[in-house]
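Colleague: how does the following fold in three dimensions:
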Amino acid sequence: MSSDNQNGKTVDVPLCVDLDGTFIRSDLLIEGVLRLLRHKPLSAWRLPLWLARGKATLKGELARALDPPTQAPPVNTEVETWLKEEKAAGRQILLVTASHEEALGPVRDLFPFDEIIASNDTLNLKGEKKAQHLVDRFGENGFDYAGDSSSEAAIWDRARKAIPVFHSKQRLAWAERTYDVDRTFCTNSTSWPDWVKALRIHQWAKNLLIALPFLAGHHFHTGWELAGLFAAFLAMSLCASGTYLWNDLLDLEYDRAHPRKRKRLAASGKTSLQRIILASCTLVGAGLLGGFALDPTFGLLLLAYIATTLSYSLYFKRIAIADIFMLALLYLSRVVGGIIISEAVVSFWLFAFTFLLFLSLAAAKRYTELRMTVDRGDEGIQGRGYTREDFPTVSGLGLSAGVASCIVLGLYSNSEQVTSLYVRPQWFWGICVIALYWITRIWFLTHRGLMHDDPVVFALKDRGTWILGLLGLSFVLFALPKPA
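Modeller: As a prediction, this is how the structure comes out:
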């Protein structure tokens, strides 16, 4: 005779729970591939060879190629709460996963499972194989099963009760019509604001640098040029958002240890890694298609931008100082894009000023991240090449680059280009003063610990920056630009 808990449910029927997408909001196989790309990108060529020997081999080789992650994936809290209730009622709970037994790492400590059954080098415990294993162990209809994918159908066909854990309510409705369902869980916790944050729409402001050659050379005077400018801005923004998602995927384990970044879509598990990969590829593909349609040379620039971003994410991000220079080069690529679209003739001054200014802001970003890390008691930024001893170097580089950018701007204000573009070029000096004040203020706030860990976000929200920007614009108007 079966025993019952307080709700009248049998507790002598074991509850078998899937891992990926069910108990945790992630997929250990995909995470393993991403970690290999992140830590050993030169070993990526091994992946198809491992897969050719079977999925079980792929999982095992991935597990052995790297040390276990330091951060466990996020848990599906609703499922976890339910499991705690079932365990408190005396029910046997087993984790039954297709993930490799050597890849579980810190996952083992997330919940006191009575037993963990996982794949090994010879058996990929998924679909029919998992169903047969459970039937051999508990008999037909001798277990309940919680899972999240279509491959669970073979298991639910032979289970006593089905517990579907899906992202969509439509799939939950299908499961309730098809199987004897005990209860359901809907894990879709994303919203449009979540995706807007993940795509870094506010970072699109950086791509306004495409307009700099237009403005600096007073080159915009026809409607088609403005349309081309907007199209180029949109194409680069789509590519940038796609690469931001790639960066989030590659930085999963580090973001989970960060007080703010752990809330990102990939790190938090608010949506599946597969959806993020699909979204990133779609965005990059759309951006490249638009870029090549606009101008083949601009399309090639976007390819170079994407390649540089990936090399930064995979390698240069971990190299102290080199990462700062790479970020500055990425900013400079936007100016080059504007030159390609506008066909403007731009002086060396613009390149020098842009590179030095954004070198300073990139250093401020890294200084702020390092300060936040040290304040939490760590010795350095995880996944970066910085320690607490690097404060003076990063600060010195950033402040000197910022001042140097203002010197370049000052020399430019006395050049023949300014004389030919403005009726009263002496007013242009006012912009130099404002730029020097702004960059000094940025570093003043950075040293005080008042800077956002992304200076671009700070600038967009900072009232002082907007006031200084309007004041700088007034000096441009006082200089009286000559008609094109």
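Colleague: contacts only, for residue 410.
Modeller: 429, 432 (C-beta atoms under 8 Å, 6 or more residues apart in numbering). C-beta: built from backbone N, CA, C; applies to glycine.
Colleague: and with 6 Å instead?
Modeller: Residue 410 is in contact with residue 432, counting by C-beta atoms under 6 Å, 6 or more residues apart in numbering.
Colleague: which residue sits closest to residue 273, ignoring its sequence neighbours?
Modeller: What sits nearest to residue 273 in space, not counting adjacent residues and going by C-beta to C-beta, 6 or more residues apart in numbering, is residue 30, at 4.7 Å.
Colleague: same thing with residue 47?
Modeller: residue 33 (6.7 Å).
Colleague: the one you found: which element?
Modeller: If you go by DSSP states H and E, residue 33 is part of helix 28-39.
Colleague: circling back: and the gap between the residue nearest to residue 273 and residue 180?
Modeller: From residue 30 across to residue 180, the span is 31 Å (C-beta to C-beta, to the nearest Å).
Colleague: out of those two, which sits in the busier spot?
Modeller: residue 30 (17 against 12; other C-beta atoms under 10 Å).
Colleague: so the more buried one sits right up against residue 274, yeah?
Modeller: No - if you go by C-beta atoms under 6 Å, residue 30 and residue 274 don't touch, sitting 7.2 Å apart.
Colleague: any chance you could map the strands in the stretch 101-250 of the chain?
Modeller: Counting by DSSP state E, counting those that start in this stretch, one finds strands in the stretch 101-250 of the chain at the ranges 115-119, 144-147, 161-166, 185-186.
Colleague: least reliable of the ones you listed going by mean pLDDT?
Modeller: Across the strands of the stretch 101-250 of the chain, strand 185-186 has the smallest mean pLDDT, namely a mean of 86.
Colleague: need the residues that contact it.
Modeller: 78-79, 165, 169.
Colleague: what do you get for stretch 24-42?
Modeller: The contact list for stretch 24-42 (C-beta under 6 Å, 6+ apart) reads 20, 44, 62, 65-66, 73-76, 99, 103, 249-250, 269, 273, 314.
Colleague: from those, which land in strands?
Modeller: Under the assignment DSSP state E, the contacts of stretch 24-42 contribute residue 99 to strands.
Colleague: make a PyMOL selection of the buried ones in the contacts of stretch 24-42.
Modeller: Filtering these down to the buried ones (16 or more other C-beta atoms under 10 Å) takes a single PyMOL command:
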select buried, resi 20+62+65+66+73+74+75+76+99+103+249+250+269+273+314
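Colleague: quick check, nearest of the contacts of stretch 24-42 to residue 148?
Modeller: Closest to residue 148 out of the contacts of stretch 24-42 is residue 20 (7.3 Å), distances taken as C-beta to C-beta.
Colleague: ok, what's across the strand from that closest one?
Modeller: As for beta bridges, residue 20 partners with residue 24 under DSSP bridges.
Colleague: give me the low-pLDDT residue ranges for the chain?
Modeller: 1-10, 189, 217-224, 344-347, 379-383, 483-484 (pLDDT under 70).
Colleague: so which residue is smack in the middle of it?
Modeller: Most central in the chain under C-alpha atoms, centre = their mean is residue 248, positioned 2.2 Å from the mean C-alpha point.
Colleague: what's it in contact with, if anything?
Modeller: 264, 266.
Colleague: list the contacts for residue 78?
Modeller: Residues near residue 78 by C-beta under 6 Å, 6+ apart: residue 185.
Colleague: could the contacts of strand 185-186 go into a markdown table alongside distance to residue 265?
Modeller: As requested, those are exported to a markdown table (distance: C-beta to C-beta, whole Å):
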| residue | distance to residue 265 |
| --- | --- |
| 78 | 18 |
| 79 | 19 |
| 165 | 18 |
| 169 | 20 |
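Colleague: in these, find the pair that's most separated.
Modeller: 79 and 169 (16.6 Å).
Colleague: neighbour count winner among the two?
Modeller: Between residue 79 and residue 169, residue 79 has the larger neighbour count (other C-beta under 10 Å), namely 22 against 11.
Colleague: re the thing from before, please tell me how far the residue nearest to residue 47 sits from residue 251.
Modeller: Residue 33 is 14 Å from residue 251, by C-beta to C-beta.
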